[in-house]
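>>> The sequence isn't on hand, but the structure is:
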């Protein structure tokens, strides 16, 4: 049997455990051109919230009763696909389940076991690390001496952004959700300064950024961002990589219009979705792996055990309870 | 005597005639390194609103009692500057007055009389034409078959944007402030479709853009833009070139937060201020002049007579009453 976690009810806003259910089914056999993987680790990502909304987003909504969409690392058990070999480890769209029969379109990349443990293919060597590198360097493009602010600074993406920004010579300021994570930002992730956004005031934010803000790597939107925007310097760049602080966009909450400051400061505000950049994963992962090996990037994983923990793990990341990349290790791995 | 129009009182929002006063003074003589111009035409620009606000903007505020800052075309009457010759026509920061003693830092470029009448150096061959070309082609970068929407479509900038966008193969939709200007957009400025934004509904806007919107050249912000944003396609680009529809930004009006659509559609929203691009004026003007000569760009000027008309002319452009680039011809030109 294939244990599966399916979408049972569409959440209004953040998905909770009761939005999911177990629905085990016989394990399917791969058709011609397909392969069968056994999942080893499942990815738990803030973006999953968007995939279960009925409203149009950048991807098709997960249908009610379908296996919850997720990235995973799986080992190939059987293959009817010429380019996929039994025993290979793949990173792809294998869902919250034990087994997945899929074709090559589901694969993001092969897992290179020299880079790190299998779980690392989901985070630092998966969407989080590649997002951090590409969005920061290509949209943000911080120059030596500029100030970079990161919201969710200790998260799976933010913790890597901070380290890359520092390695580029930026002054790096992190905003995160607890005093413990503030310490982690400064002690582990290379931030020059950090603050707990639950307590933040505009004057404290200004004091953290004495030369203003040149790049804002925004994973939250909302009131946290409203402290940062007034500090943006002329030609500042805002990377919109997530909107974690807004529980529901239906209807969108109100805020001060930003057209005037975008105009007068010649700001550039741009959205980033990692799935536009699949072709670049191998190249970027190789670069990240070299930095990890050299010790210039550290990463943290927050591993929970067992398929049934996935819905609770997802809910926990919206509460900011994870310490590093949240992954589920499947039983027997 | 040098007739001068000075800033008499700081406006709250849009400047009105009572914010200005005549304050004539003896004509100054040029110091060493300076020249004296006699102004021929004065520029009247929406951006002047920003220059008289006390709050920080992209330029220093005009001080109370100072000559109103403006671009102008002036003829050199006297020169103590080696690179400026008597009889030359210059485009520069000469203010709402008859005469100006200035140095080279006040000059944007020389006026090339082969391009057109002196007045054209203020609009099509001045900030408006260069803005239209650079902001559209470098931030918007419309591709063949894409849809470009322009707010204030019949204005000094918008009317040129529409024609350049069409020449690049875009489907071009104009939003403007009267039915008469709607006709002008379609009949003169090359728009495929246009609408009066005072009457516009979201469903009409959607009908005007059957393939969505790829580039939004925004000169208005506000409710007009709120009709356009929901139609933006994935990887849409929004050029913030003006905010004419918002009378006051203190405090900024509220609107729906845009972070989510910027993220999910990977939009890019960027501000443009022409004064960042002074070094490119000659090159861009030469290109525009060739297109005007070839008949592929037409332009309209709305010329008023006499220095004292300048304050009323400025107020009129915020009411949308101008037909093309508003300029003041000084007495005796």
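That came through fine. Here the structure is a predicted model, which is why all the values come from computation and not from measurement.
>>> Domain-wise, how is chain A divided?
Split into domains by automatic domain parsing, chain A comes to A:5-123+A:300-329, A:127-275.
>>> Out of the ones you listed, flag the one nearest residue B:189.
With Cβ to Cβ, the closest approach to residue B:189 among the domains of chain A belongs to domain A:127-275: 23.1 Å. Placement of C-beta: from N, CA and C, glycine included.
>>> so who does residue A:136 touch?
Contact analysis of residue A:136 by Cβ atoms under 8 Å, 6 or more residues apart in numbering or on different chains lists A:142, A:148, A:161, A:164-165, A:215, A:217, A:239.
>>> Least confident secondary structure element in chain A?
Least confident element among the helices and strands of chain A, by mean pLDDT, DSSP states H and E: helix A:48-51 (a mean of 92).
>>> That one: which residues count as buried?
A:48-51 (16 or more other Cβ atoms under 10 Å in any protein chain shown).
>>> now stretch A:28-42
Result for stretch A:28-42 [16+ other Cβ under 10 Å]: buried residues A:30, A:34-42.
>>> What mean pLDDT does that stretch get?
Averaged over stretch A:28-42, pLDDT sits at 97.
>>> Quick one: the helices in the stretch 1-150 of chain A, in order.
A:48-51, A:127-134 (DSSP state H, counting those that start in this stretch).
>>> which residues are contacting the shortest one?
Read it as helix A:48-51. A:11, A:13-15, A:57-59, A:61-62, A:68-70, A:314, A:318, B:264.
>>> 10 Å instead?
A:7, A:11, A:13-15, A:45, A:57-62, A:68-71, A:96, A:242-244, A:247-249, A:273, A:310, A:314, A:317-318, B:260, B:263-264 (Cβ atoms under 10 Å, 6 or more residues apart in numbering or on different chains).
>>> Would you mind checking these for buried ones?
A:7, A:11, A:14-15, A:45, A:57-58, A:61-62, A:68-71, A:96, A:242-244, A:249, A:273, A:310, A:314, A:317-318, B:260, B:263-264.
>>> Just the ones of those residues in strands?
residue A:7 (DSSP state E).
>>> still on that earlier bit, could you dump the helices of the stretch 1-150 of chain A into JSON lines with distance to residue B:174 added?
As requested, the helices of the stretch 1-150 of chain A are exported to JSON lines (distance: least, Cβ to Cβ, whole Å):
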{"stretch": "helix A:48-51", "distance to residue B:174": "34"}
{"stretch": "helix A:127-134", "distance to residue B:174": "36"}
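>>> Residue B:299 is nearest to which of the ones you listed?
helix A:127-134 (42.2 Å).
>>> Which residue would be the closest one in the stretch 1-150 of chain A to chain B?
residue A:58 (4.7 Å; Cβ to the nearest Cβ).
>>> hmm, back to that, run through the contacts of residue A:136 and flag the ones next to chain B.
Near chain B, judged by Cβ under 10 Å from any Cβ of the partner chain, the entries from the contacts of residue A:136 are residue A:239.
>>> mind putting the contacts of residue A:136 in CSV, secondary structure included?
Putting these into CSV (DSSP: H, G, I helix; E, B strand; the rest coil) gives the following:
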residue, secondary structure
A:142, coil
A:148, strand
A:161, helix
A:164, helix
A:165, helix
A:215, strand
A:217, strand
A:239, strand
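>>> With adjacent residues omitted, what lies nearest to the residue nearest in space to the middle of chain A?
Centroid-nearest residue in chain A, with Cα atoms, centre = their mean: residue A:128, separated by 4.5 Å. Excluding its sequence neighbours, the residue lying closest to residue A:128 (Cβ to Cβ, 6 or more residues apart in numbering or on different chains) is residue A:156, at 4.0 Å.
>>> residues in contact with that neighbour?
A:43-46, A:122-124, A:126-129, A:131-132, A:219, A:299-302, A:317, A:322, A:324-327.
>>> how about the strands in the stretch 151-300 of chain A?
A:171-176, A:193-196, A:213-218, A:232-240, A:254-256, A:268-271 (DSSP state E, counting those that start in this stretch).
>>> What mean pLDDT does the fourth one get?
To tie it back to what came earlier, the one meant is strand A:232-240. The average pLDDT within strand A:232-240 is 98.
>>> Parallel or antiparallel, list what pairs with it.
Its sheet considered, strand A:232-240 pairs with strand A:213-218 (parallel), strand A:268-271 (parallel) by DSSP bridges.
>>> Just checking the distance from it to the centre of its chain.
Here strand A:232-240 shows a centroid-to-chain-centroid distance of 21 Å under the convention Cα atoms, centre = their mean, to the nearest Å.
>>> Okay, residue A:132 and residue A:237: tell me how far apart.
15 Å (Cβ to Cβ, to the nearest Å).
>>> So for the two, which sits in the more crowded spot?
The residue with more neighbours, out of residue A:132 and residue A:237, is residue A:132; 29 against 23, by other Cβ atoms under 10 Å in any protein chain shown.
>>> pretty sure that one contacts residue A:152?
No: counting by Cβ atoms under 10 Å, residue A:132 stays clear of residue A:152, with 11.3 Å between them.
>>> Now render the buried residues of stretch A:28-42 as TSV, adding distance to residue B:190.
Listed next are the buried residues of stretch A:28-42 as TSV, based on distance: Cβ to Cβ, whole Å:
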residue	distance to residue B:190
A:30	56
A:34	53
A:35	54
A:36	58
A:37	55
A:38	61
A:39	57
A:40	59
A:41	57
A:42	54
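>>> Please identify the most buried of the strands paired with strand A:232-240.
Of these, the one with the most neighbours on average (mean count of other Cβ atoms under 10 Å in any protein chain shown) is strand A:213-218, at a mean of 27.
>>> Report the contact partners of residue A:26.
With contact set as Cβ under 10 Å, 6+ apart, residue A:26 has these partners: A:1-2, A:99.
>>> Neighbour-wise, which one of the residues you listed leads?
residue A:99 (21 neighbours).
>>> so where's chain A shaky on pLDDT?
Flagging of chain A using pLDDT under 70 yields the residue ranges A:56-57.
>>> Run a quick neighbour tally on residue A:144.
By other Cβ under 10 Å, the residues close to residue A:144 number 8.
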